[in-house]
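Chemist: Below are the sequence and a predicted model; questions follow.
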Amino acid sequence: MGSTHPVISGTASVGAEGQTLHPGDFRAQCWRTYRNITELLATEGANWHDVARTTCYLRDIERDYADFNAVRNEFFRSLGLDPFPASTGIQARICRSDLLVEIKAWPTCTRTPAVIPPAAA
């Protein structure tokens with residue numbers, strides 16, 4: 001068995017058409033961001049139990065950190081995570097003015113090496 005270390009980067013409250021979802025609603029953007037990351041993890045055969053750490057970029061950390069922490073704790077507890085992934089919170093400009101939170105996640109995914117059949121003789 002081997003492992004891969006994909007980076008789920010720059011994930012925010014963005015819909016399938018690339019549009020910002022829930023403008024102005026920090027908590028709703030957090031929930032959507034976690035949902036988007038969950039879907040991206042699944043494409044790698046992973047889930048939140050595989051995530052070692054996250055970096056969380058908040059547009060206004062003073063205003064939104066308490067809400068961020070509440071959503072994060074509720075989300076991770078609902079998944080039975082113990083301990084939670086390591087987490088760093090940073091105040092930062094985010095690529096769009098209507099996005100209030102962006103999260104990067106680092107999972108470790110265990111993989112069974114692909115079996116390549118021998119060439120026909």
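Modeler: Yes, it's here.

Chemist: can we go C-alpha only for contacts and neighbour counts from here?
Modeler: Noted.

Chemist: what residue lies at the spatial centre of this structure?
Modeler: Central residue of the chain (C-alpha atoms, centre = their mean): I37, 3.8 Å from the mean position.

Chemist: Off-centre distance for the host helix or strand of it?
Modeler: According to DSSP states H and E, I37 maps onto helix 26-43. Relative to its chain's centre, helix 26-43 lies at 6 Å (C-alpha atoms, centre = their mean, to the nearest Å).

Chemist: about what we covered before: the residue nearest to the centre of the chain contacts I8, correct?
Modeler: Yes - applying C-alpha atoms under 8 Å, one finds I37 in contact with I8, separated by 7.1 Å.

Chemist: list residues touching both of the two?
Modeler: Common neighbours of I37 and I8, using C-alpha atoms under 8 Å, 6 or more residues apart in numbering, are A105.

Chemist: on contacts alone, who are the packing partners of the helix holding I37?
Modeler: strand 8-11, helix 61-78, strand 101-107 (3 or more C-alpha pairs under 8 Å, 6 or more residues apart in numbering; DSSP states H and E).

Chemist: Just put the ones you listed in a markdown table and tack on mean neighbour count, mean pLDDT and distance to T54.
Modeler: As requested, these are exported to a markdown table (neighbours: other C-alpha atoms under 10 Å; pLDDT from 0 to 100; distance: least, C-alpha to C-alpha, whole Å):
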| stretch | mean neighbour count | mean pLDDT | distance to T54 |
| --- | --- | --- | --- |
| strand 8-11 | 17 | 90 | 9 |
| helix 61-78 | 14 | 97 | 11 |
| strand 101-107 | 22 | 96 | 4 |
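
Chemist: Mind putting these into a markdown table with distance to A86?
Modeler: Converted to a markdown table, those look like this (distance: least, C-alpha to C-alpha, whole Å):
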| stretch | distance to A86 |
| --- | --- |
| strand 8-11 | 15 |
| helix 61-78 | 12 |
| strand 101-107 | 10 |
